[in-house]
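**Student:** sequence-free structure coming up:
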């Protein structure tokens, strides 16, 4: 790909890297754009349906501020992302949080970013504790009743160590090995959470939001008399199909919590699988948190604004890449890609020059909602 605007030949991406990472810009014209590394590792913006094109436009990252009239916040966000060597859902999210805490996207978004940053640390501790409680329940048939405050004391830490020592002896595992495995396992579950324990983990919470979205969206389509052949149906169709991959990935991760004895005894193999899953799930869910936030925002608006939100979502729906789709499901995704391509050709909403204060403020609200 070259700098400047060029159209991609394939609307359906082959891989996650080709699809790129969703960037929550507040400028309406780039609200559903993505960032990715090109073949030489340089950053580029990917945006579909620009100026009524059926293809995907690719713009060199450094040229974005000259191509689009960006809000002040988006210029700062652009600069933060520009410092990333390899874009991933985590590296882009970190850049978004840093940019949002400046307050340039509004006080609500700044507060959400600050809370989210604090929650990352708290969730890490709570999920690690939840994993320990899970093992104590499984191996010792006992409940580890302890809060974070007590865990921070020497008495609380000794209480936990005594229980882990009993598990180590029972399973004939060296205490230091058990401690290391628990640390590594907890780190891998940081954003996923432990099944049936709180906190749910950020990506498991997004999975929960998907069910809520589908119910809410179906209610709106029914009460709003949305025809069965309306383009809006594509959103629920794609999410429903995407959920199959999400749920499969979480089930694969949860297997190791269901059978912790085997997991501890075969940790090297389990660790390899969990590393792959903890890396894959963020890619699977990338972009959907913003879509769910957009819809929650739209629920407080009138019917016309909801239709406008649907149109915006359709301009950036995350398609599962071809390499990530099971062979028997590819015909479904090929059909989705064709339908999205046709919709992109009819899109007339993108403007490269007009920010629109009302739409910008709406996007700031979406950003604040999506940072949970």
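**Tutor:** Cool, the structure landed. What you see is a predicted model, and the numbers here were worked out from it, not measured in a lab.
**Student:** show me where this protein has strands.
**Tutor:** 6-7, 21-22, 34-37, 43-48, 56-60 (DSSP state E).
**Student:** other SSEs contacting the third one?
**Tutor:** Translated: strand 34-37. helix 16-19, strand 21-22, strand 43-48 (3 or more CB pairs under 8 Å, 6 or more residues apart in numbering; DSSP states H and E). Heads up, the C-betas are built off the backbone N, CA and C, glycines and all.
**Student:** which one, of the ones you listed, ends up nearest to residue 136?
**Tutor:** Nearest of those to residue 136, taken as CB to CB: helix 16-19 at 36.9 Å.
**Student:** off-centre distance for the closest one?
**Tutor:** Remark: helix 16-19 is offset 14 Å from the chain centroid, using CA atoms, centre = their mean, to the nearest Å.
**Student:** show residues contacting that helix.
**Tutor:** With contact meaning CB atoms under 8 Å, 6 or more residues apart in numbering, helix 16-19 is reached by 13, 34, 36, 37, 46, 283, 286, 318, 319, 321, 324.
**Student:** report the two of those residues separated the most.
**Tutor:** 37 and 319 (18.8 Å).
**Student:** would you mind checking the contacts of helix 16-19 for buried ones?
**Tutor:** The neighbour-count criterion (16 or more other CB atoms under 10 Å) marks 13, 34, 36, 37, 46, 283, 286, 318, 319, 321, 324 among the contacts of helix 16-19 as buried.
**Student:** report the spatially closest residue to the third one, excluding sequence-adjacent ones.
**Tutor:** Among residues not flanking residue 36 along the chain, residue 20 sits closest, at 3.3 Å (CB to CB, 6 or more residues apart in numbering).
**Student:** surely the one you found meets residue 47?
**Tutor:** No. The criterion here is CB atoms under 8 Å, and residue 20 misses it with residue 47 at 9.8 Å.
**Student:** next, count neighbours for residue 235.
**Tutor:** As a burial measure, residue 235 scores 19 neighbours (other CB atoms under 10 Å).
**Student:** that one contacts residue 312, doesn't it?
**Tutor:** No. Applying CB under 8 Å as the test, residue 235 and residue 312 come out as separate, 10.8 Å apart.
**Student:** just name the most buried of the helices and strands packed on strand 34-37.
**Tutor:** Among the helices and strands packed on strand 34-37, ranked by average contacts under mean count of other CB atoms under 10 Å, first place goes to strand 21-22 (a mean of 26).
**Student:** hang on, the earlier thing: ok, the residue nearest to residue 36 - contacts?
**Tutor:** Contacts of residue 20 (CB under 8 Å, 6+ apart): 34, 35, 36, 46, 87.
**Student:** least confident secondary structure element in this protein?
**Tutor:** Within the chain, no helix or strand scores below strand 6-7, which has a mean of 38 by mean pLDDT, DSSP states H and E.
**Student:** count of residues packed around residue 327?
**Tutor:** Residue 327 has 6 neighbours, counted by other CB under 10 Å.
**Student:** how about the nearest residue to residue 333, chain neighbours excluded?
**Tutor:** residue 325 (5.2 Å).
**Student:** count of neighbours near the one you found?
**Tutor:** Counted with other CB under 10 Å, residue 325 comes out at 20.
**Student:** then residue 289?
**Tutor:** With other CB under 10 Å as criterion, residue 289 counts 24.
**Student:** for residue 90, same thing?
**Tutor:** Around residue 90 there are 12 other residues, counting by other CB under 10 Å.
**Student:** go ahead and confirm it touches residue 282.
**Tutor:** Yes. Using CB under 8 Å, residue 90 makes contact with residue 282 at a distance of 6.4 Å.
**Student:** okay if I get the helices and strands packed on strand 34-37 as JSON lines plus distance to residue 153 and mean pLDDT?
**Tutor:** JSON lines is the format used below for the helices and strands packed on strand 34-37 (distance: least, CB to CB, whole Å; pLDDT from 0 to 100):
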{"stretch": "helix 16-19", "distance to residue 153": "43", "mean pLDDT": "95"}
{"stretch": "strand 21-22", "distance to residue 153": "41", "mean pLDDT": "96"}
{"stretch": "strand 43-48", "distance to residue 153": "47", "mean pLDDT": "92"}
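**Student:** just put the ones you listed in TSV and tack on distance to residue 76.
**Tutor:** Putting the helices and strands packed on strand 34-37 into TSV (distance: least, CB to CB, whole Å) gives the following:
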stretch	distance to residue 76
helix 16-19	25
strand 21-22	18
strand 43-48	16
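**Student:** what is the lengthiest helix in the chain packed up against?
**Tutor:** Counting by DSSP state H, the longest helix found in the chain is helix 107-140. Packing partners of helix 107-140 (3+ CB pairs under 8 Å, 6+ apart): helix 89-100, helix 148-151, helix 154-171, helix 175-188, helix 260-265, helix 357-370.
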